[in-house]
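**Q** kindly return the folded structure for what I paste below:
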Amino acid sequence: YATAAGVLIALNRQERGNGELSAIQEVERDFGIPVVSIVSLNQVLEFLADDEQLKQHLPAVEAYRAQYGI
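**A** Numbers count the residues shown, from 1 in each chain. Below is the predicted model:
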């Protein structure tokens, strides 16, 4: 059997977990392994804000963050 050394995710949506911690922090605590992301939701928001064609999607992503984010 292999032992996991960590988890790589494409997008850290920066969501709340079930308690005081973020969802990623809960995974790190529960499984004792690091979680590394390629891109964070903050970076996506910055990218959308800086791109005239994509800026129209900014309110929807901000609403998602307001509802589920940390």
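**Q** mind listing the strands for this structure?
**A** 7-12, 35-40 (DSSP state E).
**Q** ok, the closest residue to residue 28 other than its chain neighbours - contacts?
**A** Spatial nearest neighbour of residue 28, excluding adjacent residues (CB to CB, 6 or more residues apart in numbering): residue 35 at 5.6 Å. In short, each C-beta sits where N, CA and C put it, glycine included. Contact analysis of residue 35 by CB atoms under 8 Å, 6 or more residues apart in numbering lists 6-9, 12, 24, 27-28.
**Q** returning to that earlier point: need the strands of the chain in JSON lines with distance to residue 69, can you?
**A** JSON lines is the format used below for those (distance: least, CB to CB, whole Å):
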{"stretch": "strand 7-12", "distance to residue 69": "11"}
{"stretch": "strand 35-40", "distance to residue 69": "11"}
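**Q** now for those, which one comes closest to residue 65?
**A** strand 35-40 (10.9 Å; CB to CB).
**Q** dump that closest one to CSV, keeping only the CA atoms.
**A** C-alpha atoms of strand 35-40 as CSV (Å, rounded to 0.1, in the frame of the first residue of the first chain):
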residue,chain,number,x,y,z
VAL,A,35,-3.0,20.3,0.9
VAL,A,36,-1.4,22.4,-1.8
SER,A,37,-3.4,24.4,-4.5
ILE,A,38,-2.3,25.7,-7.9
VAL,A,39,-4.6,28.7,-7.8
SER,A,40,-6.7,30.3,-5.0
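**Q** now that strand, how far from the chain's geometric center?
**A** 7 Å (CA atoms, centre = their mean, to the nearest Å).
**Q** how about stretch 57-70?
**A** The answer for stretch 57-70 is 12 Å, by CA atoms, centre = their mean.
**Q** do stretch 53-60 as well
**A** On CA atoms, centre = their mean, the centre of stretch 53-60 falls 18 Å from that of its chain.
**Q** make TSV from the strands of the chain and add distance to residue 60 and mean pLDDT to it.
**A** As requested, the strands of the chain are exported to TSV (distance: least, CB to CB, whole Å; pLDDT from 0 to 100):
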stretch	distance to residue 60	mean pLDDT
strand 7-12	15	98
strand 35-40	17	98
